[in-house]
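S.K.: predicted model and sequence follow; I will ask about them next.
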Amino acid sequence: MDNNYRVAVIESLKKIFRDKSYSNLVINNDIKNIDVKYNSIYRKSVLGVVENLMLIDWVINQMSKTKTKKMESEVLFTLRLAVYQLYFLDNSFENIVVNESVEHIKRNVNVRASKFVNAVLRNIIRNKDNIIRDMNKLSHIDFLSVKYSYPKWLVSRWIGEFGKDKIEDVLVANNSQAPFTIRVNTLKVSRGELIRILERKGMIVEECKYLDKGIIIENPVEIDKMNEYKSGLFSIQSESSMLAGQVLNPKENSLVIDLCAAPGGKSLNAAEMMKNKGKIISRDVYENKISLIEYDKKRLGVENIFVETYDATVLDRKLINRADYCIVDVPCTGLGIIRRKPEIKYNKLESDLESIQKIQFKILENASKYLKLGGELVYSTCTVNKEENINMINNFLKSNSNFIMVDISEQTKNSFETSQKGYVEIFPHLHRMDGFFIAKLKRL
Ligand SMILES: C[S@@+](CC[C@H](N)C(=O)[O-])C[C@H]1O[C@@H](n2cnc3c(N)ncnc32)[C@H](O)[C@@H]1O
């Protein structure tokens with residue numbers, strides 16, 4: 001091991017926890033400054049610490065008189081990384097982990113702090129098994145919360161939703177690694193052709209079960225540096241997100257309004273399905289995110305997307321009764337994509353729920369007004385909370401009797417129980433896909 005990657009991991013962790021940056025963005029940016037041979041351990045360590053933060057802090061607090069809340073940040077993040085490695089890497093690395101951590105603190109803080117780090121880590125190594133035994137003595141909810149690092153409110157909530165017998169499956173699945181998937185750009189290449197190209201490059205690939213345009217790559221490395229990516233043969237997109245596009249299934253020459261479009265995945269998928277014919281208005285409230293759509297438009301050869309900065313909670317009178325389709329991919333609590341952004345577990349508070357639901361309802365209501373008679377909208381979230389999902393749709397339908405839910409069995413390959421009723425709920429522990437909700441509504 002080498003201290004350089006350790007410094008990089010510690011710096012990335014500070015950005016994620018202190019500056020509240022998203023782990024996926026931090027990792028993609030910081031990994032560029034690391035020697036390629038350390039890429040894998042860097043990524044594994046950052047995600048590992050974030051995923052297991054509550055367990056790690058609990059272990060430190062068992063063995064240190066100074067508690068994590070009172071620790072100086074360089075010491076705290078160095079200890080967090082070391083404890084992750086002590087518990088999750090091969091035992092033979094124990095001495096290297098301690099020595100490198102102690103040296104790092106000696107160089108960056110002072111000798112006194114390095115002695116403290118040494119004492120805490122040696123103490124943890126001596127008591128590794130006792131610590132685990134103590135964890136088993138916690139009450140059931142505390143135990144699950146510490147072992148799998150989820151706040152207690154979320155564990156209780158999910159026990160209520162999924163049941164006591166399923167809760168560990170749910171917590172484990174949301175801590176597991178998400179598969180790496182791509183969407184074929186059918187404007188440029190077919191799925192079969194792209195699979196052949198990728199296999200010739202030594203990639204292990206497989207078609208996504210529920211999708212016409214999806215491919216899983218088992219061994220992805222520096223995908224965005226590949227010529228096939230740069231020349232727009234494919235985009236990186238999750239299976240659940242691609243499924244929302246497949247459910248929308250827009251016809252060529254239609255007018256589509258995407259109210260929450262950045263970074264553009266669903267708009268770009270729609271443009272590919274419409275073979276660049278018709279018009280897509282792609283809006284987002286954040287101007288800086290809009291440029292991401294412009295970049296991908298050029299890369300993919302998409303010509304029918306018109307990008308605008310606009311707040312979807314404000315009704316735009318000039319679009320009323322105009323659209324054939326609306327994409328309503330609302331901001332949400334993100335509790336379905338913990339596998340990709342594990343910090344979501346700690347940043348989302350139960351109290352966020354109410355305010356976000358009001359925004360979601362307003363955006364859905366506005367979208368419904370943009371549809372023509374016979375027009376269709378797809379409402380989606382990347383969360384598993386009923387309040388943001390099926391309850392939201394039922395509330396909307398209560399006050400909008402001119403809308404019905406549309407059977408989406410065909411677009412979801414007859415694989416989801418509820419698809420005939422017009423919606424699907426996707427869960428990592430059941431479908432090995434991101435937690436998502438997708439519903440299709442039609443204006444009568
Ligand atoms: C789930 S993401 C959309 C992802 C996108 N549809 C895709 O497939 O790439 C939700 C988006 O809503 C945007 N957003 C949040 N509040 C908004 C508002 N009031 N009006 C419009 N967009 C908003 C966020 O900037 C974010 O990009």
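M.R.: On my side now, so go ahead. Numbering: from 1, shown residues only.

S.K.: from here on, just use CA atoms for contacts and neighbour counts.
M.R.: Fine.

S.K.: and for the one helix or strand Arg157 maps to, what's in contact with it?
M.R.: Secondary structure from DSSP states H and E places Arg157 in helix 152-162. The contact list for helix 152-162 (CA atoms under 8 Å, 6 or more residues apart in numbering) reads 141-142, 144-145, 166-167, 170, 350.

S.K.: in those residues, find the pair that's most separated.
M.R.: Lys166 and Glu350 (21.4 Å; CA to CA).

S.K.: and the ligand, is the top helix by length along the chain touching that?
M.R.: As assigned by DSSP state H, the longest helix anywhere in the chain is helix 352-370. No - for helix 352-370 and the ligand, the contact criterion (CA under 6 Å from any ligand atom) is not met; the two come no nearer than 7.0 Å.

S.K.: who's in contact with Gly265?
M.R.: For Gly265, the contacting residues are 237, 241, by CA under 8 Å, 6+ apart.

S.K.: which parts of the stretch 201-350 of the chain sit against the ligand?
M.R.: Selection of the stretch 201-350 of the chain residues close to the ligand by CA under 6 Å from any ligand atom yields 259-266, 284-286, 310-313, 329-331.

S.K.: just the buried residues of the residues you listed.
M.R.: The neighbour count (16 or more other CA atoms under 10 Å) marks 259-266, 284-285, 310, 312-313, 329-331 as buried among those.

S.K.: tell me the domain ranges of this protein?
M.R.: As given by automatic domain parsing, the domain ranges for the chain are 3-137, 183-236, 239-443.

S.K.: now the shortest one: average pLDDT?
M.R.: Domain 183-236 shows an average pLDDT of 96 in the prediction.

S.K.: returning to that earlier point: and among the domains of the chain, the most buried is which?
M.R.: Highest mean neighbour count of the domains of the chain: domain 239-443, a mean of 20 (counted as mean count of other CA atoms under 10 Å).

S.K.: contacting residues for the closest residue to Asn175 other than its chain neighbours?
M.R.: Nearest-residue entry for Asn175: Arg339, 5.5 Å, with adjacent residues in sequence omitted and distances by CA to CA, 6 or more residues apart in numbering. Residues counted as contacts of Arg339 (CA under 8 Å, 6+ apart) are 173-178, 434.

S.K.: re the thing from before, the following helix or strand past the helix holding Arg157 vs helix 152-162, what angle?
M.R.: Downstream of helix 152-162, the next assigned helix or strand under DSSP H and E is helix 167-174. Orientation of helix 167-174 against helix 152-162 (axes from the mean of the first three to the mean of the last three CA atoms, to 10 degrees) gives an angle of 110 degrees.

S.K.: what sits up against whichever helix or strand comes after helix 167-174?
M.R.: Remark: after helix 167-174, the chain's next helix or strand is strand 180-184, criterion DSSP H and E. For strand 180-184, contacts defined as CA under 8 Å, 6+ apart pick out 190-191, 194, 213-218, 220, 233-239, 242.

S.K.: about what we covered before: give me the distance from the helix holding Arg157 to the chain's centre.
M.R.: Distance, stretch centre to chain centre, for helix 152-162: 20 Å (CA atoms, centre = their mean, to the nearest Å).

S.K.: list the buried ones in that helix?
M.R.: 154-156, 158-159.

S.K.: from these, which single one is nearest Trp58?
M.R.: Each of the buried residues of helix 152-162 was scored against Trp58 by CA to CA, and Val155 proved nearest at 16.8 Å.

S.K.: next one: that closest one from Ser23, what distance?
M.R.: 22 Å (CA to CA, to the nearest Å).

S.K.: could you do Val285 as well?
M.R.: For Val285, the distance to Ser23 (CA to CA) stands at 22 Å.

S.K.: re earlier: which one of the buried ones among the residues of the stretch 201-350 of the chain next to the ligand is nearest Val378?
M.R.: Val378 lies nearest to Asp329 out of these, by CA to CA, at 7.7 Å.

S.K.: give the contact list for the closest one.
M.R.: With contacts defined as CA under 8 Å, 6+ apart, Asp329 is in contact with 258-261, 378-381.

S.K.: setting aside sequence neighbours, what's the nearest residue to it?
M.R.: Distance criterion CA to CA, 6+ apart; nearest residue to Asp329, sequence neighbours excluded, is Ser380 at 4.8 Å.

S.K.: sec struct for that neighbour, please.
M.R.: Following DSSP: H, G, I helix; E, B strand; the rest coil, Ser380 is assigned to strand.

S.K.: check contacts around it.
M.R.: Applying CA under 8 Å, 6+ apart, we find Ser380 in contact with 244, 328-330, 389, 436-439.

S.K.: change it to 7 Å
M.R.: 328-330, 437-439 (CA atoms under 7 Å, 6 or more residues apart in numbering).
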